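# Here is the input, now give the coordinates:
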Amino acid sequence: MKPALDGPSAEPTWRIVIRLLRWDKPAGRLILMIPALWAFVLALSSVPRDEWLSQLPLVGVIVLGTLATSAGGCVVNDLWDRDIDNQVERTRNRPLAAKALSLKVGIGVALVAFFCAWGLSFYLNALSFWLCVAAVPVIVLYPLAKRVFPVPQLVLSLAWGFAVLISWSAVTRDLTFSTWLLWGATVFWTLGFDTVYAIPDREFDRRLGINSSALFFGKRSPQAVGLFFASTTIMFVWLGIALPLGLFYWLSLAIATYFWYRQYRQLAHGPKSPKVFGYIFQQNVTIGFILLAGMTISVLFNS
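Take a look at the predicted model:
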């Protein structure tokens, strides 16, 4: 494959495409995959143990599906924002904003990513398939929401919530009250960490006329994030009682809640270096995996 630019230090096209898909930044891919895996594991609690082995291929479908979907969503976002990203310090080097890739290539990459996700969806049952279809408009229109809706992170959170609905229904072929509790926890969690992610861009967004939850809540953003994380904890507590789940789940939730409280304290009282916001975002990936471990052990020992 030829380099995208002439010269000995030019970046190869394949590496630029990797950056376009954000595969060079795994945290953003994992943080979508985590709720899908939460749903898979917790849905197993309502399936007879002798059927668990037959469900294992779904893990591969979920992992590949979230990679393809998040990649397609990132490219669509960059297509919408290519004339805005080049005016923001954090995003000006994104391939479409920097014109390292053409518009046609960007559209082609997005179509390939969504085609891969579409192909994987045929492994699922009818309910899960149609939930996949319903998720597409939410994913594609999220960048538009930043222009017309005061809290676009809510739209992103609803997109994240589809990961729960799709994965749970793929296992059980239905949606239960517990599914919606996990969906609610995921929506609040996403609102929390993505509001944190938006805080460093507030001045750029205000200048460019772009909406964000960090702008909407303004100086009250730390309190809003604290409320979102507290709501996440409440939903997880309700979920743990409804299923019910065992000791390891409650231990993992206690650890997660401690970190969420500490993050709120950092935002409310700590230094406001941009590194703090990035660190909090990355830390939520770790928190997600801690919860996944607690869920997995609880389901294995409780079933």
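
# List the buried residues in stretch 116-129.
C116, A117, W118, L120, S121, L124, L127, S128, F129 (16 or more other C-beta atoms under 10 Å). The way it works is simple: take the backbone N, C-alpha and C, and place the C-beta from them, glycine included.

# how about those residues in TSV, adding pLDDT?
Formatted as TSV, the buried residues of stretch 116-129 follow (pLDDT from 0 to 100):
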residue	pLDDT
C116	96
A117	95
W118	95
L120	96
S121	94
L124	95
L127	97
S128	97
F129	97
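
# Turn those residues into a markdown table, columns for secondary structure and distance to S221.
A markdown table is the format used below for the buried residues of stretch 116-129 (DSSP: H, G, I helix; E, B strand; the rest coil; distance: C-beta to C-beta, whole Å):
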| residue | secondary structure | distance to S221 |
| --- | --- | --- |
| C116 | helix | 36 |
| A117 | helix | 33 |
| W118 | helix | 37 |
| L120 | helix | 37 |
| S121 | helix | 36 |
| L124 | coil | 37 |
| L127 | helix | 37 |
| S128 | helix | 35 |
| F129 | helix | 38 |
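
# Now render those as a markdown table, adding distance to F216.
A markdown table is the format used below for the buried residues of stretch 116-129 (distance: C-beta to C-beta, whole Å):
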| residue | distance to F216 |
| --- | --- |
| C116 | 35 |
| A117 | 31 |
| W118 | 34 |
| L120 | 35 |
| S121 | 34 |
| L124 | 36 |
| L127 | 34 |
| S128 | 33 |
| F129 | 35 |
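
# Return the closest of those residues with respect to T195.
Nearest to T195 out of the buried residues of stretch 116-129 is A117 (C-beta to C-beta; 26.7 Å).

# which residue sits closest to that closest one in space, ignoring its chain neighbours?
A68 (4.0 Å; C-beta to C-beta, 6 or more residues apart in numbering).

# For the one you found, the count of nearby residues, please.
When neighbours are defined as other C-beta atoms under 10 Å, A68 has 21 of them.

# Also L103?
L103: 11 neighbours (other C-beta under 10 Å).

# quick one: it and L79 touch, right?
Yes. Here L103 reaches L79: they are 7.3 Å apart, a contact under C-beta atoms under 8 Å.

# Now the common contact residues for the two.
L96 (C-beta atoms under 8 Å, 6 or more residues apart in numbering).

# Can you give me the distance of A126 to A170?
11 Å (C-beta to C-beta, to the nearest Å).

# hang on, the earlier thing: pLDDT score for the residue nearest to A117?
Note on A68: pLDDT of 95.

# did I read that right, it in a helix?
Yes. Judged by DSSP: H, G, I helix; E, B strand; the rest coil, A68 forms part of a helix.

# residues contacting it?
A68 touches A113, F114, C116, A117, L120, counting by C-beta under 8 Å, 6+ apart.

# For those residues, give me JSON lines that also has distance to I199.
Formatted as JSON lines, these follow (distance: C-beta to C-beta, whole Å):
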{"residue": "A113", "distance to I199": "28"}
{"residue": "F114", "distance to I199": "30"}
{"residue": "C116", "distance to I199": "33"}
{"residue": "A117", "distance to I199": "30"}
{"residue": "L120", "distance to I199": "34"}
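
# and of those, the nearest to V155?
Distances from V155 to the contacts of A68, taken by C-beta to C-beta, are shortest for F114, at 17.9 Å.

# which non-adjacent residue is nearest the closest one?
The nearest residue in space to F114 (C-beta to C-beta, 6+ apart) is G72, at 4.4 Å.

# secondary structure element for that neighbour?
helix 57-85 (DSSP states H and E).

# ok so, going back, what's the closest of the buried residues of stretch 116-129 to P274?
Distances from P274 to the buried residues of stretch 116-129, taken by C-beta to C-beta, are shortest for A117, at 32.3 Å.

# So that closest one is in contact with G72, correct?
Yes. Applying C-beta under 8 Å, one finds A117 in contact with G72, separated by 6.4 Å.

# number of nearby residues for I297?
18.

# One more: R15?
Neighbour tally, R15, other C-beta under 10 Å: 15.

# Tell me if I am right that it is in a helix.
Yes. Assessed by three-state DSSP, R15 belongs to a helix.

# Give me the contacts around the least confident helix or strand in the chain by mean pLDDT.
Within the chain, no helix or strand scores below helix 202-208, which has a mean of 89 by mean pLDDT, DSSP states H and E. Residues outside helix 202-208 that contact it (C-beta under 8 Å, 6+ apart): I84, Q87, V88, E89, A198, I210, N211, S212, A214, L215.
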